[in-house]
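[1] I'll drop the sequence and a predicted model, then ask my questions.
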Amino acid sequence: MNILLPKTITAAMFQAGTTIPAVDTAAGEVAWVSGTNYVAGNRRVDGDYIYECVKDVNTSPQNTYAPSDIRSSGWWLKDEGAPTNRMAPFDKYLFTKARKATSLTYVIRPGFVTGLAIYGLEADRLAITVKDGGTDLVPPIAIDLWQQAIGEWEYLFGELQRGTYFTLKDLPLRPNVEISITVSRNTPGVEAAVGFISFGVWKRLLAPKKSISGAQYGMESETKDYSYVKDNDDGTYIEKLGRKSTNIGLTCVIDAEQAPAAQALLDQILGKAVAVEVSNLPRYSHLATVAKVTGKIRSTSWEVADVSLTLKGNV
């Protein structure tokens, strides 16, 4: 059972080679400029998000206050569903995606990390390098994004699905590690996208005295559909498509001595969207998601403790 304790990604961590600019004019983004007047409906980039003007800004000094400034409350509204194209994979949602024709690349120096998780991929290929001073810390990764066929018929005649997530673990701890991630399409001009990228430290809930996952049989995954139906007075109705998520419930058995560490981990990630992977075996590939995690720890004996986890998947 693996949980990625995430690290906050800041503007200073982006390095040369990142192909999406801070303000992506090619994607229609426009930067906010101090001293400029705006009318309701204008959308501007300030920091990591897009803000919408909800009340005309046409006087000084109001037009010098950035949309994120508390003094702009009432004039500008932050669009929680609209981070900038560059920062879209680093917010809490999967549906907010960085998009670019053919391919996109991030080059990040996140500091001390032991791994990463990537979700919401829309691409044909994924390439990752992990370097320190130009030297590869792990062999470069270059893979085709195809899921394993469910059976022989699907392998021979079915339409194989593209993989949508990838995790990397056990990176050596280096302060100047530089990680490059490229997602690309086979056909030029087709849009490549990624919804969630997290760098951090992988925490493992292991079976007592062993190096294998402590997750127990009986794990459940549940799809959550936020679509709804709006009924009209004449009997007709409108189907509103909603976003989807995956919820997971499971129990892990761990060494009783690890119970305090497990409690500390739950406290650290409380309220955060974190990457979770029950196992890297193909048969458990459906038990991986980005979620808010809550749980309880029960000391069942002197030797072992149970950790019951509820994972509410993010959209």
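    Arrived safely, thanks for sending.

[2] I'd like the distance between the residue lying farthest from the centre of the chain and A127.
    Each residue of the chain has a distance to the centre, and by CA atoms, centre = their mean the biggest one is for D234: 42.2 Å. Distance from D234 to A127, counting by CB to CB, to the nearest Å: 54 Å. C-beta here means a position set from N, CA and C on the backbone, and glycine is covered the same way.

[3] Can you give me every residue that contacts the residue farthest from the centre of the chain?
    Residues near D234 by CB atoms under 8 Å, 6 or more residues apart in numbering: none.

[4] where's it, which helix or strand?
    If you go by DSSP states H and E, D234 is not part of any helix or strand.

[5] all strands for the stretch 151-300 of the chain, in order.
    Assigned by DSSP state E, counting those that start in this stretch, the stretch 151-300 of the chain shows strands spanning 166-168, 178-184, 191-194, 196-204, 220-225, 228-231, 237-240, 244-255, 273-277, 288-299.

[6] With mean pLDDT and distance to N37 added, can I get the ones you listed in a markdown table?
    Listed next are the strands of the stretch 151-300 of the chain as a markdown table, based on pLDDT from 0 to 100; distance: least, CB to CB, whole Å:
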| stretch | mean pLDDT | distance to N37 |
| --- | --- | --- |
| strand 166-168 | 94 | 46 |
| strand 178-184 | 98 | 39 |
| strand 191-194 | 97 | 35 |
| strand 196-204 | 95 | 37 |
| strand 220-225 | 89 | 43 |
| strand 228-231 | 90 | 38 |
| strand 237-240 | 89 | 36 |
| strand 244-255 | 91 | 41 |
| strand 273-277 | 92 | 37 |
| strand 288-299 | 93 | 40 |
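
[7] So which of these is nearest E122?
    strand 191-194 (4.0 Å; CB to CB).

[8] Touching the closest one from outside, list them.
    By CB under 8 Å, 6+ apart, strand 191-194 touches 89, 97-104, 118, 120-123, 181, 183-185.

[9] chain center to that strand, what's the gap?
    Relative to the centre of its chain, strand 191-194 is centred 14 Å away, using CA atoms, centre = their mean, to the nearest Å.

[10] Export that strand to PDB, keeping only CA atoms.
    C-alpha atoms of strand 191-194 as PDB (Å, rounded to 0.1, in the frame of the first residue of the first chain):
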ATOM      1  CA  GLU A 191      -3.300  17.200 -28.400                       C
ATOM      2  CA  ALA A 192      -1.400  15.600 -25.500                       C
ATOM      3  CA  ALA A 193      -2.600  16.300 -22.000                       C
ATOM      4  CA  VAL A 194      -1.900  15.400 -18.400                       C
END
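
[11] Where does the record place the domain boundaries for the chain?
    2-19+89-204, 30-83, 220-313 (automatic domain parsing).

[12] show me the contacts for the nearest residue to M219 once chain neighbours are set aside.
    Nearest non-adjacent residue to M219, counting by CB to CB, 6 or more residues apart in numbering: L250, 4.1 Å away. Residues in contact with L250 (CB under 8 Å, 6+ apart) are 1, 215-216, 218-220, 278, 287, 308-309, 311.

[13] Going through these, which ones are buried?
    For the contacts of L250, a burial check counting by 16 or more other CB atoms under 10 Å picks out 1, 215, 219, 278, 287, 309, 311.

[14] just checking, what packs against the helix or strand harbouring the last one?
    I take that to be L311. For L311, the host element (DSSP H and E) is strand 304-313. Strand 304-313 is packed against strand 244-255, helix 259-269, strand 288-299, with contacts defined by 3 or more CB pairs under 8 Å, 6 or more residues apart in numbering; DSSP states H and E.

[15] who wins for proximity to K210 among the domains of the chain?
    Per CB to CB, nearest to K210 of those: domain 220-313, 9.2 Å.

[16] Name the nearest residue to the residue nearest to the spatial centre of the chain, sequence neighbours excluded.
    The centre of the chain sits closest to F196, judged by CA atoms, centre = their mean, with a distance of 2.5 Å. Excluding the flanking residues, the one nearest F196 by CB to CB, 6+ apart is Y119, at 4.1 Å.

[17] List the contacts of that neighbour.
    94, 164-165, 195-196, 275, 289-290.

[18] quick one: which of the buried ones among the contacts of L250 is nearest to T8?
    For the buried ones among the contacts of L250, the nearest to T8 is L311 (21.2 Å; CB to CB).

[19] Could you pull up the residues touching the closest one?
    L311 touches 247-250, 276, 289, 291-293, counting by CB under 8 Å, 6+ apart.

[20] Show me which pair in those is furthest apart.
    Most distant of the contacts of L311, by CB to CB, are L250 and K292, 14.8 Å apart.
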